[in-house]
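Novice: sequence first, then the predicted structure, then my questions.
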Amino acid sequence: MKILVCIKQVPDMESRFKPSGDGLWFDETDLAWRMNEYDEYAVEQAVQLKEQLGNEPELTVLSIGPDRVVEAVKKALAMGADKAVHVQDTVVHQKDPWQIASIIASYARDKGFDLIFTGMQSQDRGSAQVGVLVAELLSIACATTLVGFSYSDGVVNVKRELEGGLKGLVSLQLPALVTCQLGLNVPRYPTLPNIMKAKKKEIEAIPVANLLGEQAIAPTVEFYPPARKGGGVVLEGDVADLAQKLVAILKEKTTVVR
Amino acid sequence: MEATREIYWNIGHGVVLPMYLLVTAAVGLLVWGIWKRLDHWRQGKPLNRFDRFDERAKRMIAEVFGQERVFRVREGGIFHAIFFWAFLTLFIGTLLVMVQADFMAPVLKANILQGRFYEGFSLVLDLAGLAALLMLAGLFVRRFIIQPAGLEITDDDYRVHALLFAILISGFLIEGARMAATEMVTNRSLALFSPVGMLVAMTMANVSADGLLLMHKVLWWLHFALVLGFIAALPYTKLKHILLVSANAFFAPLEEKGAITTINMEDEEAEQFGTATAADLTWKDRFDADACISCKRCQDRCPAHATDKPLSPMKLIKQIGEAAAAGQETSLVEAIGEDAIWSCTTCRACQDICPANNEHVNKILEVRRNLTLMEGAFPGDEVRTAIGNLEVNGNPFGMAFAARADWAEGLEVARVNEGEEADILYFVGCYASFDKRNREVARNFVTICNAAGIRVGILGKDEKCCGEPARKLGNDYLYQMLAQENIETIKATGVTKIVTTCPHCFNTLSRDYRDLGLAIETEHYSTYLNRLIRDGRLALDKAEAQECTYHDSCYLGRYKDIVDEPRAVLNAAGWRVREMDKSGYDSFCCSAGGGRILAEEKLGSRINVARVRQAEATGAPVLVSNCPFCLTMFEDGIKTGGCEETLKVRDLAEIIVERIGGGA
């Protein structure tokens, strides 16, 4: 069996974001980077499947971006992936989900992957489109937002998270693509021997130009922080006064009290 | 009449040969016992504890003959120390008799045991025997009648007590019988130099001369047999502690306290990190288990044990010994229990008090290394998150690394990471950088330094966690990554002096970073402020006298011997310290050491509440600490322990900043 896991390196969400000069994405100064959370679930599930099948499957991890993404790739290798593909692209943030999916699909098309894992979405752009687009481009089965996964005899059984707390069970024939959601598993912490081994694993570098032939169909127009809302007001004093003050404010600023 | 006595009186010199043969046989049994055990120790991995021989030998002599470590706990320790000295005196006396009887007399035809010397010799040995008997009685009452909580009583204890009593009592009876037949009749003035023997002899006044001779002979052989038994039993009973504890005073580490081996991350051959099975133990780990005398002093001081967590340092040492005995495949985590392994706060109270010099803390850290580095295990999911945060943002909170120096806004600090110059580098640490309460401490420290004319430099957003919590949880890989980045940053600034407000950063930078190539003088602000005050650079106004109690952070007191300086700083600021029962080297942990700062305390009761209650019991309204972890834990402990009305916790810097300006 051949497995592909697509991962993205994203800024830590606690970082301080500023729009970049062109106003189309964020400035990378002072950002801390990590593997997209949902992609960690994807890597973990792929490694668990590999272990379930006695390590027979070959597990490839793929990431698109500048050189810094190799850090995320190394983590996936340390978690248990066999080899990696780094699609080199210094302006990956200018690509729309369609282009990203096309890059992945053109890499994967002739490789014969039986199963592709991706995160449900990325933490920074959050389009949740790349996985399904790749499946569509490769004409393979697809299930999204996985919170449960099992595999036996060529059939993937998954549990999907639906709206309102509902879950759905789906069976897929291979080849297939699944996108992973929070709750699917607890990603492992790489052990030191595996970190050491990962350093020797192959990372194939492919210039993005070799894989990309598509134009953006949903380009970003503007990136800006949300408008600052007014600060909260803390009322102080004894309870009777507080009630009076609150009523006064509600009358003055809202239509709740008439 | 000349003061002396005939050696082998009533026994005859014909006894010499069989006596030496029997002693040789007994010593043979002793050596055999040790020899057999050598095999067990040797199955451990190598570790050099024979280097710096002179230093080790000196320490051993001081600790064994001075009974320093035994004496530190008065309860039980006084009895033991005096018993030891008395028994040693008896042993030396016996050696003198041997030298006289079997060397001086036959070879040199001389007698050293006569005259004033013999009188003194008699008196000293007689009193030593009495002292030994009284101390043994004290130990007997303590162990079998009072039965201190946690002290185990085994058959071995009964046997050894019986043997020692029998040796001492039979000794006095022989003396009494001999004196009743000789000195009491012919030289009563000499008898006065053996007061106990004389008393015993007086009880035998009615025994006939032949009866005395017979009694003496029987008792002599009995006493001799008991002594042979003592020698032969040494390796097979708890008496082995005489040999093994003494040896451990030689084998104990000579490195700085708290030193941990730094794993070589370049070693591509390495397949095992930390202790997984008995096969990974060193010979010293195996030896320590045998050297443990079950005095339970460690257990008495363990904050985890005191709050009903599944850890006893004493049991841990024994469990390691049992695992080693069960075979090389035995899992240490299974033998000790994972909860026990994670419960340790590395406060070092156990190791500090251990009379046998056993090394508890690093054994735990090695098992943690295996759990963390080989199995990716954590004490809880909150720790998994915190470790992830350390990897991404260099702090356990997950705050943006770029916000690390926000606390310093508006203060006079030099950004040494951006090329500015400063007198000292203040290594701020994560808590003082991000935790609201501790950020005040950082600001106060800078204000104090400025008042003393010191220009403070910081690394700003380039500073990262020192790595201590990760390291103490076993993650040496993450520790080394963080350390190496810090070291590179620090070296690039060219600073020559580092000051920290966190004892954990202080320990790590001043000791652990040495292994990774940082050799810049590093100090904790307690000693730094103390010197500024002493040198007259920092003037304090001590007008208003106030009372507080002071908590010794484990990593200042026990690890770094910094006990007096913080108190001196408080005194210089006009504060009087009311000591808690557990202070100085006997201080009780706040609960946050050993990486536990990142973990929730889910087992047993809360350590921080226990400590806050101890502070409250002094009656002082203020608890002063000088560690961000302690401060955080005590703020929490005061709330959850319901001490808000009676106790406030303040950092040393907060106290001092109020007293700046002595001249005013």
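Specialist: Nice, thanks for sending it over.

Novice: tell me what A:T60 is bridged to.
Specialist: Using DSSP bridges, the bridge partners assigned to A:T60 are A:L4, A:K83.

Novice: these two touch, right, it and A:H86?
Specialist: No: using C-beta atoms under 8 Å, A:T60 makes no contact with A:H86, being 11.4 Å away. Backbone N, C-alpha and C define where each C-beta goes, glycine included.

Novice: so the two - more neighbours on which side?
Specialist: More crowded of A:T60 and A:H86, by other C-beta atoms under 10 Å in any protein chain shown: A:T60, with 24 against 20.

Novice: for chain A, give me its nearest residue in the stretch 201-350 of chain B.
Specialist: B:F273 (5.4 Å; C-beta to the nearest C-beta).

Novice: what does the pLDDT read for B:G663?
Specialist: The predicted structure scores B:G663 at 44 on the pLDDT scale.

Novice: how about the residue of the stretch 201-350 of chain B closest to chain A: what's its closest non-neighbour residue?
Specialist: Spatial nearest neighbour of B:F273, chain neighbours left out: B:L373 (4.2 Å); criterion: C-beta to C-beta, 6 or more residues apart in numbering or on different chains.

Novice: that's a strand at the one you found, yeah?
Specialist: No: secondary structure of B:L373 (DSSP: H, G, I helix; E, B strand; the rest coil): helix, not part of a strand.

Novice: wait, it touches B:Y479, no?
Specialist: No: counting by C-beta under 8 Å, B:L373 stays clear of B:Y479, with 10.7 Å between them.

Novice: from B:Q67, how far out is B:S583?
Specialist: The gap separating B:S583 from B:Q67 is 24 Å, by C-beta to C-beta, to the nearest Å.

Novice: and for B:D535?
Specialist: Note on B:D535: its distance to B:Q67, by C-beta to C-beta, is 40 Å.

Novice: can you check B:N48 too?
Specialist: Using C-beta to C-beta, B:N48 is found at 28 Å from B:Q67.

Novice: give me phi/psi at A:C142?
Specialist: phi -150, psi 140 (degrees, to the nearest 10).

Novice: residues contacting it?
Specialist: Each residue near A:C142 by C-beta atoms under 8 Å, 6 or more residues apart in numbering or on different chains is listed here: A:131-132, A:135-136, A:172, A:176-179.

Novice: residues in the stretch 101-250 of chain A within reach of chain B, list them.
Specialist: Counting by C-beta under 8 Å from any C-beta of the partner chain, the stretch 101-250 of chain A comes close to chain B at A:186, A:188-193, A:195-196.

Novice: just these: which are in helices?
Specialist: A:192-193, A:195-196 (DSSP state H).

Novice: neighbour count winner among B:N48 and B:Q67?
Specialist: B:Q67 (20 against 7).

Novice: spatially nearest residue to the more buried one, not counting backbone neighbours?
Specialist: Nearest to B:Q67 is B:A81, by C-beta to C-beta, 6+ apart, at 3.9 Å.

Novice: bridged to the residue of the stretch 1-150 of chain B found nearest chain A, which residues?
Specialist: Across the stretch 1-150 of chain B, the shortest distance to chain A (C-beta to the nearest C-beta) belongs to B:K45, at 18.5 Å. Bridge pairing for B:K45 (DSSP bridges) gives the partners B:T282.

Novice: these two touch, right, it and B:K284?
Specialist: No: using C-beta under 8 Å, B:K45 makes no contact with B:K284, being 9.2 Å away.

Novice: circling back to that earlier point, if you rank the ones in helices among the residues of the stretch 101-250 of chain A next to chain B by neighbours, which is first?
Specialist: A:L192 (24 neighbours).

Novice: how much space between the closest residue to it other than its chain neighbours and A:Y38?
Specialist: Spatial nearest neighbour of A:L192, chain neighbours left out: B:L373 (4.0 Å); criterion: C-beta to C-beta, 6+ apart. Taking C-beta to C-beta as the measure, B:L373 falls 27 Å from A:Y38.

Novice: check the gap between A:F17 and chain B for me.
Specialist: As for A:F17, its distance to chain B is 10 Å (criterion: C-beta to the nearest C-beta, to the nearest Å).

Novice: phi, psi of that residue?
Specialist: According to degrees, to the nearest 10, A:F17 has phi -90, psi 140.

Novice: any stretches of chain A with poor pLDDT?
Specialist: Applying pLDDT under 70 to chain A flags the ranges A:258.

Novice: okay, helices next: where are they in it?
Specialist: A:37-52, A:69-79, A:97-108, A:130-138, A:192-198, A:239-253.

Novice: same check, this time on the stretch 1-150 of chain B
Specialist: Assignment of helices within the stretch 1-150 of chain B using DSSP state H, counting those that start in this stretch yields the ranges B:16-42, B:53-66, B:68-71, B:74-99, B:115-140.

Novice: save these as CSV, and put in mean neighbour count too.
Specialist: Compiled in CSV, those are given as follows (neighbours: other C-beta atoms under 10 Å in any protein chain shown):
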stretch, mean neighbour count
helix B:16-42, 14
helix B:53-66, 14
helix B:68-71, 18
helix B:74-99, 16
helix B:115-140, 18
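
Novice: tell me the contacts of whatever residue of the stretch 51-200 of chain A ends up closest to chain B?
Specialist: Of the residues in the stretch 51-200 of chain A, the one nearest chain B is A:Y189, at a distance of 3.5 Å by C-beta to the nearest C-beta. By C-beta under 8 Å, 6+ apart, the contact list for A:Y189 reads B:372, B:376-378, B:384, B:387.

Novice: narrow those to those that are buried.
Specialist: B:372, B:376-378, B:384, B:387 (16 or more other C-beta atoms under 10 Å in any protein chain shown).

Novice: want to try a markdown table for those, with pLDDT and secondary structure as columns?
Specialist: Output for these, formatted as a markdown table (pLDDT from 0 to 100; DSSP: H, G, I helix; E, B strand; the rest coil):
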| residue | pLDDT | secondary structure |
| --- | --- | --- |
| B:T372 | 97 | helix |
| B:G376 | 95 | coil |
| B:A377 | 96 | coil |
| B:F378 | 96 | coil |
| B:R384 | 96 | helix |
| B:I387 | 97 | helix |
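
Novice: filter those residues by proximity to chain A?
Specialist: Among the buried ones among the contacts of A:Y189, chain A is touched by B:372, B:376-378, B:384, B:387 when using C-beta under 8 Å from any C-beta.

Novice: name the nearest of those residues relative to A:A46.
Specialist: B:G376 (16.8 Å; C-beta to C-beta).

Novice: what distance do you get for the closest residue to the closest one other than its chain neighbours to A:G80?
Specialist: Counting by C-beta to C-beta, 6+ apart, the nearest residue to B:G376 once its immediate chain neighbours are dropped is A:Y189, at 3.5 Å. As judged by C-beta to C-beta, A:Y189 and A:G80 stand 12 Å apart.

Novice: that older thread, can you select the buried ones from the contacts of A:C142 in ChimeraX?
Specialist: With 16+ other C-beta under 10 Å as the criterion, this ChimeraX line picks the buried residues out of these:
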select /A:131,132,135,172,176,177,178,179
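
Novice: tell me which residue in the stretch 451-600 of chain B sits closest to chain A.
Specialist: B:Y477 (5.3 Å).

Novice: can you tell me the element that residue falls in?
Specialist: In this assignment (DSSP states H and E), B:Y477 forms part of helix B:476-493.

Novice: ok, now B:M265?
Specialist: Using DSSP H and E, B:M265 is not contained in any helix or strand.

Novice: how many neighbouring residues does it have?
Specialist: 16.

Novice: burial of the closest residue to it other than its chain neighbours, as a residue count?
Specialist: What sits nearest to B:M265 in space, not counting adjacent residues and going by C-beta to C-beta, 6+ apart, is B:Q480, at 6.0 Å. Residues lying near B:Q480 (other C-beta under 10 Å) number 21.

Novice: understood, closing this out.
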